[in-house]
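Visitor: sequence first, then the predicted structure, then my questions.
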Amino acid sequence: MIVEMKKGTSKEQVDHVIERAKGLGFDVQLNLGTEKIVVAILGTDTGRTSTDIFAVLPGVETVTRIMKPYKLVSREFKSQNTTVSVGGIKIGGHQVVVMAGPCAVESEEQLMETARSVKEAGALILRGGAFKPRTSPFAFQGLGLPGLRMLAKVKAETGMAIITEVVDPKDVEMVAQYSDILQIGTRNMQNFALLKEVGRSQHPALLKRGFSATVDEWLTAADYLLAEGNQKVILCERGIRTFETSARFSLDISSIPVIKDASHLPVLVDPSHAAGHHKLVPALAKAAIAAGADGLIIEVHPNPEEALVDGLQSLNPIAFARLMTELKTLAHAVGRYI
Ligand code: PEP
Ligand code: MN
């Protein structure tokens, strides 16, 4: 249930609404907008509570039910776009933010070389997994803590902000110490223990779409992060499973305008995992920007033939630099910049 307060309402009136909700056993979340304050009343039983209970309180303008499964990520709760600031970079604003780097951190040299080249080409954030969620237990699982230390070292030398994946709730605190954004991968979109822990960390988080998840399920999963008070949430479309096998996944371009309409959160696109092949990456990256994505996360490896993970879909530094030049023109054409 969403309680919109009148413009210029007093703190006492807002507190009164909160006390009433808590007295009924509900949780509340506040959206302190510049224009007015919105109070979300949350709980399993809100459907059985009359909206009049809140409508009669002083200072209340309207009370509406959110009929969608997701609440806090919805535009009903917060109509203005959310921007997530990471080391001076604003995600969800006018700028299209490009994150790039290897699938996995393999060595300090590999990471440093990639960082230098992607930074030179205009990427603002360095990606690289130290913990890899692999389909097979026998595949390379990432370097773990030594990989995180390499990310920190490269950050110190290049000044680039870092995004890296966390796969285990008990590692959230540690991975947060070494990264600017915590990545939650497609296979963990509904790992609720992980979502709650990342929510509690209050650390900026990028939530990838589960490859078998609907947009509604994805947004509802994002509510787990916001329910813990973490508002620094970025969504990332990375392709879904369909009957089509010509690409690794099917990039659901429609989800970008759908999300923009339904949610206030920024949305990025990962063309690399959708494509599965480096040749397809540029077209998907361009389509994403044209469709309104707030940024991209792209796999780049200094020597893709030797990559331990996802070499086929990784761009080499030359191809990445060429793509960035094209993307800058494209961003400009849709009223944005890179
Ligand atoms: C990745 O970014 O390297 C990754 C594993 O992505 P996804 O979770 O989308 O498969
Ligand atoms: Mn990968």
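Guide: Arrived safely. Ligands and ions are numbered 1, 2, ... in the order given.
Visitor: isn't Ser179 up against Met160?
Guide: No - counting by C-beta atoms under 8 Å, Ser179 sits too far from Met160 to count as a contact (11.4 Å). Using the backbone N, CA and C atoms, a C-beta is placed for each residue, glycine as well.
Visitor: and the residue of the stretch 1-150 of the chain closest to ligand 1?
Guide: Cys103 (4.6 Å; C-beta to the nearest ligand atom).
Visitor: dump the residue contacts of the residue in the stretch 101-250 of the chain positioned nearest to ligand 2.
Guide: Proximity of the stretch 101-250 of the chain to ligand 2 (C-beta to the ion) peaks at Cys103, 3.2 Å away. Contact analysis of Cys103 by C-beta atoms under 8 Å, 6 or more residues apart in numbering lists 128-129, 132, 272, 299, 301, 307-310, 314.
Visitor: so for stretch 98-110, first residue to last residue, what's the gap.
Guide: Taking C-alpha to C-alpha, to the nearest Å, stretch 98-110 runs 19 Å from one end to the other.
Visitor: cool, stretch 240-259 as well?
Guide: End-to-end distance of stretch 240-259: 15 Å, with C-alpha to C-alpha as the criterion.
Visitor: which residues are in contact with that stretch?
Guide: The contact list for stretch 240-259 (C-beta under 8 Å, 6+ apart) reads 209, 211-213, 215, 219, 235, 237-239, 265, 267, 269, 271, 273-277, 280, 284, 287-288, 291-293, 313.
Visitor: can you turn the buried part of those residues into a ChimeraX selection?
Guide: Buried residues among these (16 or more other C-beta atoms under 10 Å), as a ChimeraX selection:
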select :209,211,213,215,219,235,237,238,239,265,267,269,271,273,274,275,276,280,284,287,288,291,292,293,313
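Visitor: filter the contacts of stretch 240-259 down to the ones in helices?
Guide: Among those, the residues falling in helices (DSSP state H) are 215, 219, 271, 273-275, 284, 287-288.
Visitor: and the pLDDT at the residue of the chain most remote from its centre?
Guide: Of all residues in the chain, Val56 has its C-alpha farthest from the mean position, at 37.8 Å, by C-alpha atoms, centre = their mean. Note for Val56: predicted pLDDT of 97.
Visitor: what do you get for Thr34?
Guide: Looking at Thr34, the pLDDT reads 81.
Visitor: residues from this protein in reach of ligand 2?
Guide: Residues of the chain lying close to ligand 2 (C-beta under 5 Å from the ion) are 103, 310.
Visitor: quick one, helices of the chain?
Guide: Under the criterion DSSP H, helices of the chain are mapped to 11-23, 52-55, 108-121, 145-158, 172-178, 192-201, 215-227, 255-262, 271-275, 281-290, 317-333.
Visitor: make JSON lines out of those helices and add distance to ligand 1.
Guide: Below are these laid out as JSON lines (distance: least, C-beta to the nearest ligand atom, whole Å):
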{"stretch": "helix 11-23", "distance to ligand 1": "37"}
{"stretch": "helix 52-55", "distance to ligand 1": "40"}
{"stretch": "helix 108-121", "distance to ligand 1": "14"}
{"stretch": "helix 145-158", "distance to ligand 1": "13"}
{"stretch": "helix 172-178", "distance to ligand 1": "14"}
{"stretch": "helix 192-201", "distance to ligand 1": "12"}
{"stretch": "helix 215-227", "distance to ligand 1": "12"}
{"stretch": "helix 255-262", "distance to ligand 1": "14"}
{"stretch": "helix 271-275", "distance to ligand 1": "4"}
{"stretch": "helix 281-290", "distance to ligand 1": "13"}
{"stretch": "helix 317-333", "distance to ligand 1": "16"}
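Visitor: closest one to Val84 among those?
Guide: Nearest of the helices of the chain to Val84, taken as C-beta to C-beta: helix 215-227 at 11.5 Å.
Visitor: what residues sit buried inside that closest one?
Guide: Buried residues in helix 215-227 (16+ other C-beta under 10 Å): 215, 217-227.
Visitor: which other helices and strands does that helix contact?
Guide: The contact analysis (3 or more C-beta pairs under 8 Å, 6 or more residues apart in numbering; DSSP states H and E) places helix 215-227 against strand 27-32, helix 192-201, strand 205-208, strand 233-237, helix 255-262.
Visitor: okay, the angle between the first one and helix 11-23?
Guide: Compare the direction of strand 27-32 with that of helix 11-23 by axes from the mean of the first three to the mean of the last three C-alpha atoms, to 10 degrees and you get 160 degrees.
Visitor: in strand 27-32, which residues are buried?
Guide: 28-29, 31.
Visitor: looking at these, which is nearest Arg75?
Guide: Using C-beta to C-beta, the buried residues of strand 27-32 come closest to Arg75 at Asn31, 10.9 Å.
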